[in-house]
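Enquirer: Next input, structure requested:
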Amino acid sequence: MSITLRRALRADIPLLAALIERSAHGLSADDYTRSQVAGALRGAFGVDTQLVDDGTYFMAEEDGVLAGCGGWSFRATLFGGDARTDRDASMLDPRTQAAKIRAFFVEPAKARRGVGTLLLDRCEAEARERGFSRVELMATLPGVRLYAARGYVGTQHVSYDLGNGEHIDFVPMSKELR
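Expert: Residues are numbered from 1 along each chain as shown. Sure, this is the predicted structure:
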């Protein structure tokens, strides 16, 4: 498998949004109900154009075909796409705060083939270059396996309100960068 990474552009947003939907439905079936996934796609999951504009969101491509996406941020928002209204774009202090690993999604047919690891390695390297010594994220239940394998440590599950009486569980995780 020959995967290449490139920075996402605003013109890529429709492709990214479609991949996020396929990934959420295809890789979450063992952990979330269809209704929870649909609710999460209305805010908790989705494209964050701030990451694209900051140049910290990447597309993994195999032979020119989108295989995954993910990014990191030097801003305070921990998770969520453009539809979330409570996002915080304030800048983080790398001396005292952790960079955020954000919005990782993999094409279901490409899952467990190193796409997420490649994206994660790039994000961690860039965060380290920016002076961060720690990263944190809000993992989906299916994502916990990838992050734990890459040295992230989780805490208690948190329940996120999707509206209409539905909730979805996530796991806050963090890692010291070496």
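Enquirer: got a pLDDT number for residue 120?
Expert: Residue 120 carries a pLDDT value of 97.
Enquirer: Can you report phi and psi for it?
Expert: Backbone torsions for residue 120, taken as degrees, to the nearest 10, come to phi -60, psi -40.
Enquirer: wait, it sits on residue 149?
Expert: No. With contact defined as C-beta atoms under 8 Å, residue 120 does not count as touching residue 149 (9.9 Å). For every residue, glycine as well, the C-beta is placed using N, CA and C.
Enquirer: and the gap between residue 51 and residue 104?
Expert: From residue 51 across to residue 104, the span is 11 Å (C-beta to C-beta, to the nearest Å).
Enquirer: Sorry, wrong one. I was asking about residue 155.
Expert: 19 Å.
Enquirer: neighbour count winner among the two?
Expert: residue 104 (25 against 9; other C-beta atoms under 10 Å).
Enquirer: pLDDT score for the closest residue to the more buried one other than its chain neighbours?
Expert: Sequence neighbours aside, residue 70 is the residue nearest to residue 104 in space, at 3.6 Å (criterion: C-beta to C-beta, 6 or more residues apart in numbering). The score at residue 70 is 97. That number is its pLDDT.
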